[in-house]
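Colleague: Compute the structure for the input listed below.
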Amino acid sequence: MKQTTVCPGNLTPGYDTYSPKSLKKLFEGKKVSHVLGFDYDADSIDLAESINQISVSGVQEKLSAVVQNGQIVLTPQGQHGRYIIKPAPSYKNLRFRNFIPANEHLTMQIAKQVFKIKTAENGIVFFANGEAAYITKRFDFEADGNKIKQEDFSSLAQKTSDTHGKDYKYTGSYEDVAALLKSNVSAWQVEMSNLFTLIVFNYLFANGDAHLKNFSLQQSANGDYLLSPAYDLMNTSIHVQDEDFALQDGLMPQGEHSEIYRSSGHPCKEDFITFANRAGVLPKKRDAIIKMFSTESPLIDELINRSFLDEKTKRMYTRSHQERLSRFLR
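Modeller: Next up, the predicted model:
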């Protein structure tokens with residue numbers, strides 16, 4: 001059995017399984033084991049069927065799961081999965097691919113705990129052979145089992161592989177995303193602050209895969225649309241050679257870039273302020289968000305140190321964040 005000294009949910013030290021707080025958030029308070037009763041085998045027929053229930057995004061396999069009798073199990077035929085398990089990808093060209101689940105978990109926890117970003121509930125689970133996987137609770141279901149209406153930004157932009165080619169989800173700029181938010185959300189100013197927070201976070205934590213399908217709107221109980229909780233946050237620079245931004249046209253039109261951005265090729269704080277102004281973020285909110293990200297938090301280092309990364313990838317994660325932060329603060 002896989003031993004742990006931190007909660008595999010929120011990384012609180014002193015726990016050998018999920019803490020009560022994590023059980024409440026992730027599993028409605030039910031006592032659930034962090035160790036799965038099976039191994040991951042990409043060639044297994046049962047697992048292949050489970051993958052197809054959700055669809056495979058990029059090279060990350062996704063398994064559909066439910067909780068039964070205190071155990072996380074693959075979703076039985078005919079049932080709706082409530083969780084998604086993402087094992088380490090088998091794709092050999094990714095650096096440190098075995099630590100991809102730990103990276104996503106850590107990045108999601110930093111977003112939630114340090115920057116108070118609303119995220120999908122998540123944790124780490126271990127296959128019977130001890131290999132780690134990322135688990136996330138689906139947020140597109142009501143407590144009573146009804147599906148919540150949700151639409152990602154590629155469909156809001158009416159972009160598909162037929163209209164914009166195979167890289168359609170990487171087309172456009174974050175300013176386009178802001179414009180789509182404004183035209184689809186009635187209370188857009190509150191949500192624009194949340195979108196801006198997420199865009200700054202993705203830059204500072206080197207998430208080079210924040211494409212159009214990784215932002216969604218979700219219908220609230222009142223019937224209006226709001227940004228869905230953040231998902232798929234990861235420091236991708238550890239695993240692949242990355243650009244500063246996932247979207248091909250970057251943050252905003254090049255004519256708006258600061259002198260520093262033009263000369264160095266990397267944005268600074270001034271560029272994010274310009275972006276916020278163009279997107280319609282209220283000045284007071286804009287300044288509070290910039291200040292929050294400009295202030296170093298000891299909790300970031302604590303979470304990195306408690307994470308399920310190994311020592312080398314912990315150092316890489318820290319170095320990457322420090323490099324992005326120093327660029328941002330120029």
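Colleague: My reading is that residue 78 lies in a helix. Confirm?
Modeller: No: going by DSSP: H, G, I helix; E, B strand; the rest coil, the assignment for residue 78 is coil, not a helix.
Colleague: Please enumerate the helices of this protein.
Modeller: For the chain, the helices defined by DSSP state H occupy 20-27, 45-54, 100-113, 153-156, 161-164, 174-184, 188-204, 259-264, 269-279, 283-294, 298-306, 311-328.
Colleague: Let me know the angle separating the longest one from helix 298-306.
Modeller: Same thing as helix 311-328. 160 degrees (axes from the mean of the first three to the mean of the last three C-alpha atoms, to 10 degrees).
Colleague: Mind listing what's buried along helix 311-328?
Modeller: Using 16 or more other C-beta atoms under 10 Å as the test for burial, helix 311-328 gives 313-314, 316-317, 320-321, 324-325, 327-328. Just so you know, the C-beta spots here come from the backbone N, C-alpha and C atoms, and that holds for glycine as well.
Colleague: and what of the fifth one?
Modeller: Buried residues in helix 161-164, counting neighbours by 16+ other C-beta under 10 Å, are found at residue 164.
Colleague: Contacts for that helix next, please.
Modeller: Here helix 161-164 makes contact (C-beta atoms under 8 Å, 6 or more residues apart in numbering) with 168, 171.
Colleague: How far away from the center of its chain is that helix?
Modeller: Computed by C-alpha atoms, centre = their mean, to the nearest Å, the separation of helix 161-164 from the middle of its chain amounts to 25 Å.
Colleague: so what's residue 117 closest to, chain neighbours aside?
Modeller: Among residues not flanking residue 117 along the chain, residue 111 sits closest, at 4.2 Å (C-beta to C-beta, 6 or more residues apart in numbering).
Colleague: Can you give me the pLDDT of that neighbour?
Modeller: On the pLDDT scale, residue 111 is placed at 98.
Colleague: so who does it touch?
Modeller: When contacts are counted by C-beta under 8 Å, 6+ apart, residue 111 touches 117, 119, 201, 205, 230, 233.
Colleague: rerun that using 6 Å as the cut-off
Modeller: 117, 119, 201, 230, 233 (C-beta atoms under 6 Å, 6 or more residues apart in numbering).
Colleague: Please report how far the closest residue to the fourth one other than its chain neighbours lies from residue 34.
Modeller: Of all residues beyond its chain neighbours, the one nearest residue 230 is residue 119 (4.6 Å), with distances taken as C-beta to C-beta, 6+ apart. Distance, residue 119 to residue 34, by C-beta to C-beta, to the nearest Å: 19 Å.
Colleague: one step back: can you pick out the most distant pair from the contacts of residue 111?
Modeller: The largest separation in the contacts of residue 111, counting by C-beta to C-beta, is between 119 and 201 at 10.3 Å.
Colleague: that older thread, return the distance of the residue nearest to residue 230 relative to residue 151.
Modeller: Counting by C-beta to C-beta - residue 119 and residue 151 are separated by 19 Å.
Colleague: So for those two, which sits in the more crowded spot?
Modeller: Neighbour count, other C-beta atoms under 10 Å: between residue 119 and residue 151, residue 119 has more, with 21 against 14.
Colleague: Which helix or strand in this protein has the lowest average pLDDT?
Modeller: The least trusted helix or strand in the chain, going by mean pLDDT, DSSP states H and E, turns out to be helix 45-54, with a mean of 40.
Colleague: if we can go back for a sec, roughly how far apart are the residue nearest to residue 117 and residue 234?
Modeller: 10 Å.
Colleague: Can you get me a residue count around the residue lying closest to residue 289 once chain neighbours are set aside?
Modeller: Among residues not flanking residue 289 along the chain, residue 197 sits closest, at 5.4 Å (C-beta to C-beta, 6+ apart). Residue 197 sits with 23 neighbouring residues when counted by other C-beta under 10 Å.
Colleague: ok, back up a step: ok, the residue nearest to residue 230 to residue 216 distance?
Modeller: 13 Å.
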